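In: 3D model of this:
(chains A and B)
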2 protein chains.
Amino acid sequence: MKDLAAVPAAYLEALKARDLDAIVDLYAEDAIVEDPVGSDAHEGIAAIREFYKGATGMSIEGELQGQVRVASNEVAFAFRITMADVGMTIDVIDTFKFNDAGKIILMRAFWGPENVTS
Amino acid sequence: MKDLAAVPAAYLEALKARDLDAIVDLYAEDAIVEDPVGSDAHEGIAAIREFYKGATGMSIEGELQGQVRVASNEVAFAFRITMADVGMTIDVIDTFKFNDAGKIILMRAFWGPENVTS
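Out: Just a heads-up that it's a prediction; the model follows:
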């Protein structure tokens, strides 16, 4: 049984390391990424890889805020993203839903203009 | 247009005040509450009122942790619940989805055994 509570830190570490393969490896083939919530979703691993190409093209540091919440096969966690290159921070809450293999099948990122500072 | 970012504080205030009517008034008639995520949902306002009767029967204080994240017609927020009567705290992340009238149509509470201290 995968330790779901450890996945958010691994995710933020991979983002910081700009390790596209490590990020994509967290996802199932048929995963869906909605970032931010309310925007058009990225469906399937190819689209998700393309989406993260953008993120790994810049310097991103993510710091967890408080405990990772683990509920059944889902987690939620609060964090602050700092993009030093553009002098911007975003406070985000992500939710991950996992399949039986421990891969993310649904990622939803909650943030909006009110959560961005520059 | 309702200020969605203000709803979490109003929700926690109503919980603290044990104001069942104020809590239920935040919800739409056909709302769904899943607390914790992965458990059987409470569907419809009558079931939701019944669910919160339990919560308002005890002393509950909720303290927001960090910013409320607002994304489209949804919010996510981290908070700590303290139940003084039973000497227990729970770190939770809730997500609320709103309808056009500004009422909650879906509430999901992310927390599990790892988030409970006593």
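
In: alpha carbons only for contacts and neighbour counts from here, please
Out: OK.

In: Would you map the strands across chain A?
Out: For chain A, the strands defined by DSSP state E cover A:27-34, A:42-43, A:61-71, A:74-83, A:88-98, A:104-110, A:116-117.

In: Can you pull out the residues in contact with the third one?
Out: Right, the one you point to is strand A:61-71. Contacts to strand A:61-71, defined as Cα atoms under 8 Å, 6 or more residues apart in numbering or on different chains, come from residues A:4-5, A:8-9, A:12-13, A:15-16, A:75-83, B:36-38, B:65-66, B:91-93, B:110-112, B:114-115.

In: now with 6 Å?
Out: For strand A:61-71, the external contacting residues (Cα atoms under 6 Å, 6 or more residues apart in numbering or on different chains) are A:5, A:12, A:16, A:75-82, B:37, B:110-112.

In: Would you mark the buried spots in that strand?
Out: By 16 or more other Cα atoms under 10 Å in any protein chain shown, the buried positions in strand A:61-71 come out as A:E61, A:G62, A:L64, A:Q65, A:G66, A:Q67, A:V68, A:R69, A:V70, A:A71.

In: Please save the CA atoms from it in CSV.
Out: Output of strand A:61-71 as CSV, limited to C-alpha atoms (Å, rounded to 0.1, in the frame of the first residue of the first chain):
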residue,chain,number,x,y,z
GLU,A,61,9.6,26.1,-5.2
GLY,A,62,6.7,24.7,-3.4
GLU,A,63,6.4,24.7,0.4
LEU,A,64,3.8,22.7,2.2
GLN,A,65,1.5,24.5,4.6
GLY,A,66,0.4,22.3,7.4
GLN,A,67,-0.6,18.6,7.3
VAL,A,68,-1.4,16.6,4.3
ARG,A,69,-5.0,15.5,4.7
VAL,A,70,-5.6,11.9,3.7
ALA,A,71,-9.1,10.7,3.3
